[in-house]
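# With the input below, show me the fold.
(one chain, ligands or ions: 1)
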Amino acid sequence: MAGAAAQDDAEQLLHLKLAFLAGEPPACILALARYALPLAVKIATAPKVYGRQNSTYTTTIFKRIISEVELSSDIVIDALYEEFAQRMLSKAKDSLLNKTNHIYKEISFLSSTHDNVSSSLISVVARLSCSSNMLEGDTGCSLWPSSLFLSEFILSYPEIFSTKCCFELGSGVGLVGICLNYVGASKVILTDGDTSTLTNMKENMELNNVCIKLEDFEELKESKNKVECKYLSWEEASESDLRGYQPDIVLGADIVYDPVCVPHLVRVLSMLLRRDSKQGEVNRKSGDELEMDGPVAYIATVVRNAETFNCFAKAAADAKLSAINIGSSTAPSNFLPYMLSYDRSSVQLLKITLSS
Ligand SMILES: C[S@@+](CC[C@H](N)C(=O)[O-])C[C@H]1O[C@@H](n2cnc3c(N)ncnc32)[C@H](O)[C@@H]1O
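This is a model prediction of the structure:
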């Protein structure tokens, strides 16, 4: 019994710590912390953890924890007030340097098949600089729920992606690329049509040490780092721009939201899927929704506006693309149990192929 309780405490503490590092909204951190406020105080005062977070974010969390403890008539330990004061000072320094709009998020994917809590449960950790302004970089400097979902899908079905050439549209901060690199894709091409997003994405790939650095093809084959970041605007992309890539798998997360862009997006998808001879080969029994016998696209999307989604579905059908929703039949495992702000049920996963 005592063992199980200690296990629960360890799990709560781990979830709280990971949520904090992932930059979860303060209300979600507080919701996790409520299970065990003494643990919350420990986490909030652990220098290694808060040192990596943006001071505005940390200050807000400190403030909320202090009020919560005060409201519960508990004694707020002096160290917490001291740390709060320190955070206030560094927040003032940050705003003088105008550095407050970016926050580092550490997204840790926890393996779902575990019996006990230890650091070995964490399969991938992605460190990402994100903007706290969701419109920065044409929305590409924020992390969107569909890319969490697509990342969980990649980690749940690594055999689909390993040894495959993967090409992502509208990659934003680059999380999906880090997961593709992790599962052993033979090449990962991340693209975006916004230049400030592309700059941020490249910095994130360097931060995670996954960029291609080698010129020699043989060395490249041996290297574990396969990610390339490229500028690609759907409006401007031509057949000849895309001809060189020949991806096995095309991916996209939260890219179906602007009806003006939809025809261009569908045209690019269609060009990428309509490539010549090379065939994908995932060995699964016939009828399996994950079976592949040609290039395939996986597009994760939150349907915020049904009209825009229908416009995408119609443009895809007109371009002779078949799109099926596989989100519920091949639901990914839950690798992010500590992320209370992430509503996985809001995300649909489309598998898109050429109609036969
Ligand atoms: C909502 S964000 C999603 C970012 C990322 N995939 C994620 O889920 O976190 C949409 C992304 O698509 C890119 N994008 C939008 N319109 C585009 C276009 N016409 N051409 C290329 N990229 C575009 C934006 O720059 C942005 O990075």
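# CA atoms for contacts and neighbours, from now on please.
Will do.
# tell me the secondary structure for residue 105?
strand (DSSP: H, G, I helix; E, B strand; the rest coil).
# count of residues packed around it?
24 (other CA atoms under 10 Å).
# tell me the contacts of the residue of the stretch 251-356 of the chain found nearest the ligand?
With CA to the nearest ligand atom, the shortest gap between the stretch 251-356 of the chain and the ligand falls at residue 253, namely 4.2 Å. Residues near residue 253 by CA atoms under 8 Å, 6 or more residues apart in numbering: 144, 146-147, 150, 169-171, 299-301.
# If you count neighbours, what's buried in stretch 190-206?
Burial within stretch 190-206, assessed by neighbour count using 16 or more other CA atoms under 10 Å, is assigned to 190-205.
# Could you say which helix or strand holds residue 168?
Counting by DSSP states H and E, the element that carries residue 168 is strand 165-169.
# cool, residue 68 as well?
Assigned by DSSP H and E, residue 68 falls within helix 55-71.
# Tell me the gap between that helix and the middle of its chain.
Helix 55-71 has its C-alpha centroid displaced from the chain centroid by 27 Å (CA atoms, centre = their mean, to the nearest Å).
# So which elements touch that helix?
Helices and strands touching helix 55-71, as assessed by 3 or more CA pairs under 8 Å, 6 or more residues apart in numbering; DSSP states H and E, comprise helix 26-33, helix 37-44, helix 78-96.
# which stretch in those is the model least sure about?
Comparing mean pLDDT over the helices and strands packed on helix 55-71, the weakest stretch is helix 37-44, at a mean of 62.
# any idea which helix or strand of the chain has the worst average confidence?
helix 47-50 (a mean of 56; mean pLDDT, DSSP states H and E).
# Am I right that residue 350 sits in a helix?
No - counting by three-state DSSP, residue 350 is not part of a helix but strand.
# you'd agree residue 16 is up against residue 33?
Yes - if you go by CA atoms under 8 Å, residue 16 and residue 33 touch, sitting 6.5 Å apart.
# Which one of these two is surrounded by more residues?
Neighbour count, other CA under 10 Å: between residue 16 and residue 33, residue 16 has more, with 27 against 22.
# Which helix or which strand is home to the more buried one?
Counting by DSSP H and E, residue 16 is part of helix 2-21.
# thinking again about what came up before, any idea of the angle the helix holding residue 68 forms with helix 2-21?
140 degrees (axes from the mean of the first three to the mean of the last three CA atoms, to 10 degrees).
# Model confidence for residue 144, exactly?
Residue 144 carries a pLDDT value of 97.
# For it, give me its contacts.
Contacts for residue 144 (CA under 8 Å, 6+ apart) come out as 253-254.
# hmm, back to that, which residues touch the strand holding residue 168?
The contact list for strand 165-169, computed with CA under 8 Å, 6+ apart, reads 177, 180, 185-192, 232, 246-253, 255.
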